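**Q** coords please:
(one chain, ligands or ions: 1)
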Amino acid sequence: MAKARKIAVFGSRSVGKSSLTVQYVENHFVESYYPTIENQFQKKVVIKGQEYLIEILDTAGQDEFSLMNQKYLIGVHGYLLVYSITSRSSFDLLKIMRDKILDSVGTEEIPLVVVGNKSDLYSQRQVTIEEGQNLAKEFNCSFVECSARLNENVDECFQRLIQGIESTEDSKSSTEGGESCVIM
Ligand SMILES: Nc1nc2c(ncn2[C@@H]2O[C@H](COP(=O)(O)OP(=O)(O)OP(=O)(O)O)[C@@H](O)[C@H]2O)c(=O)[nH]1
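**A** Residues are numbered from 1 along each chain as shown. The predicted structure is shown next:
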């Protein structure tokens, strides 16, 4: 049976959240720029032999003053935190965003993947690969550099997140199993 998983895509304006999502779900790249208010997508995939029905919330670009919309929290299993490698400020925003998510959800950890998009624009790079890796280490999550434009590493972003969600679910159920043993 397919497992249903809900993912939200977060990041500053114009980092490529919609392009990444559209490339993943519909396999094409949108050259023109239309700011997103909110969009929802679905995709069926098989990862490591398991079928998933993935629901993806493509959110409006955020800044440090954006309020957390409850819609982006309820039932969401994990988040892609996207910056553009050509924008230092979009990278700096990810810490603020993660804090906001954790504060709103009320947990210390949640499945995340740090995504550095627009890797094809390497001549305009403002954020190094090492900085991306270090941030992901700090968040205890995976890091992927990708290009929605060239369809490089796009599947990887979503797959890593699904795998992160799976390991969290597995450890939750083993903890719950453990607790019930103690009660008995
Ligand atoms: N070169 C390059 N351009 C990209 C890439 N991804 C997105 N873009 C371009 O960047 C612009 C913004 O892309 P969007 O996908 O609309 O960005 P967004 O984060 O959804 O924007 P908001 O809805 O405003 O938050 C568009 O002109 C895209 O064509 C990429 O990987 N490489």
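**Q** could you measure the closest residue in space to residue 48 that isn't next to it in sequence against the ligand, distance?
**A** With Cβ to Cβ, 6 or more residues apart in numbering as the criterion, residue 48 has its nearest non-adjacent residue at 7.8 Å, and that residue is residue 163. No exception for glycine: its C-beta is placed from N, CA and C like everyone else's. Residue 163 is 23 Å from the ligand, where distance means Cβ to the nearest ligand atom, to the nearest Å.
**Q** which secondary structure element contains residue 163?
**A** Using DSSP states H and E, residue 163 falls within helix 154-183.
**Q** what packs against that helix?
**A** Helices and strands touching helix 154-183, by 3 or more Cβ pairs under 8 Å, 6 or more residues apart in numbering; DSSP states H and E, are strand 3-11, helix 17-26, strand 38-47, strand 50-59, strand 78-84, strand 112-117, strand 142-145.
**Q** So which residue is smack in the middle of the protein?
**A** Centroid-nearest residue in the chain, with Cα atoms, centre = their mean: residue 80, separated by 0.8 Å.
**Q** The nearest residue in space to it that is not next to it in sequence: what's it in contact with?
**A** Excluding its sequence neighbours, the residue lying closest to residue 80 (Cβ to Cβ, 6+ apart) is residue 9, at 4.8 Å. Contact analysis of residue 9 by Cβ atoms under 8 Å, 6 or more residues apart in numbering lists 17, 20, 21, 56, 57, 58, 59, 79, 80, 82.
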